[in-house]
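>>> Here is a sequence together with a model predicted from it:
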Amino acid sequence: EEVEANIARLEEISGKKFGNSSSGNFLLLSVRSGAAISMPGMMDSILNLGLNDSNVSSFAKATQNERFAWDSYRRFIAMFG
């Protein structure tokens, strides 16, 4: 519930929609550890959370860089093996 409420807040502030593929105006998130002390190798940053099969083409159009969009998506998928 807390995560959903804060994503809704980000959507309101940014005017973008998390995972929205219809308008190309979608919200992607980066998630990093909030640990007080960094522990190398223990927790990866997750980049481009919200990128999916449905919106990667819209991301390519928005960035005007198809290679970048697909590479970003490939890296996102690779994190989850």
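Sure thing, it's come through.

>>> Would you map the helices across this protein?
2-14, 56-63, 66-78 (DSSP state H).

>>> Would you tell me which of those gets closest to A36?
helix 2-14 (19.8 Å; CB to CB). Backbone N, C-alpha and C define where each C-beta goes, glycine included.

>>> could you dump the helices of the chain to TSV with mean neighbour count and distance to S30?
Shown next, in TSV, are the helices of the chain (neighbours: other CB atoms under 10 Å; distance: least, CB to CB, whole Å):
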stretch	mean neighbour count	distance to S30
helix 2-14	10	12
helix 56-63	16	14
helix 66-78	14	11
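
>>> Where does pLDDT dip in this structure?
For the chain, applying pLDDT under 70 flags the ranges 21-23, 38, 41-42, 81.

>>> 80 instead, please
Counting by pLDDT under 80, the chain contains low-confidence residues at 19-24, 33-44, 80-81.

>>> Excluding chain neighbours, give the residue nearest to L47 in space.
S30 (5.0 Å; CB to CB, 6 or more residues apart in numbering).
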